[in-house]
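Participant: Fold the following, please.
(one chain, ligands or ions: 1)
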Amino acid sequence: MSRFNVLVYDELTSTNTVLKQRAMCGEAEGTVIIAKKQTEGRGRLGRSFFSPDKTGLYMSVLLRPETDFENSFFITPMAAVSVCRALLKLGAKEPFIKWVNDIFCDGKKVCGILAEAGTDNNGENFVVLGIGINLIRADFPEELKNIAGAAFEKKIFFKTVADAVLLKFWEIYKSDDRKEFIEEYRKRCFIIGQNITLINGKMSRNVQVIDIDSECRLVIRNEKGEIETVLAGEVSVRL
Ligand code: BTN
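Facilitator: Sure thing, here's the model as predicted:
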């Protein structure tokens, strides 16, 4: 795929960390770093992302957004829809999205997305889009056993999945029609209608999810019964 310059490494600390360093020095849009294994894989809110050898895809893509539509908020939902489309095309289990950045199959998290924005040494903006997918079942540590799952039943080459995700992502990223992918995001978002705990920093609230709006924001009914639109936060589903 010519628009991407894909570099594969046996082991890195974190593909996001390494690509961010290169972005600071002016690396071009379209550089993609894949590690077969990460020793310091990172998730949102300073969490770690379990990244063992042979079972997952750990990939970061360098973007230099020009328009508002390409801005960093939309990049995460775009990536979520592109991962879903790629997984479906390759015969994975049915994927569902937990707003804003997680993908689930069979009730377990199989993919996390971490988009990190920055400004390089020349004052140019960039976004490093990190995608981690558990392709097949790994030997998950005890604390992840009930939460983490895998997208595929059978072994699949990580590069096949990477190519499919990159292709689907580019179609969405370069399209002027944002309606279509947001509609798909909405349809795949399994928390609509559910009672959740919404965590924002130290504040956590029990709310009900009403919808995802046309800007991919979460529409909730708060504790007072009022409708609110929320742009950021961590969702924990209440059973
Ligand atoms: C999350 O679950 O909160 C997001 C996880 C993102 C993991 C990917 S793996 C490739 C890239 N490198 C990292 O260190 N993190 C992202």
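Participant: For residue 216, what are phi and psi?
Facilitator: phi 70, psi 20 (degrees, to the nearest 10).
Participant: How about this protein: which residue is closest to the ligand?
Facilitator: residue 112 (2.1 Å; Cβ to the nearest ligand atom). Every C-beta, even on glycine, is put in place using the N, C-alpha and C of the backbone.
Participant: Is that residue bridged to anything, and to what?
Facilitator: residue 102, residue 132 (DSSP bridges).
Participant: Run a quick check on it versus residue 49, I expect a contact.
Facilitator: Yes - counting by Cβ atoms under 8 Å, residue 112 does reach residue 49; the two are 6.0 Å apart.
Participant: quick one, which of the two is more surrounded?
Facilitator: residue 112 (22 against 19; other Cβ atoms under 10 Å).
Participant: mind listing what that one touches?
Facilitator: By Cβ atoms under 8 Å, 6 or more residues apart in numbering, residue 112 lies in contact with 43-44, 49, 101-103, 131-132.
Participant: overlap between the residues you listed and the residues near the ligand?
Facilitator: 43-44, 49, 131-132 (Cβ under 6 Å from any ligand atom).
Participant: between the contacts of residue 112, which is nearest residue 79?
Facilitator: residue 131 (6.0 Å; Cβ to Cβ).
Participant: so what's the nearest residue to that closest one once chain neighbours are set aside scoring on pLDDT?
Facilitator: Leaving aside its sequence neighbours, residue 131 sits nearest to residue 59 (Cβ to Cβ, 6 or more residues apart in numbering; 5.1 Å). You'll see residue 59 listed with a pLDDT of 98.
Participant: got it, and residue 67?
Facilitator: 75.
Participant: do the one 10 residues further on as well
Facilitator: In the prediction, the pLDDT value recorded for residue 77 is 96.
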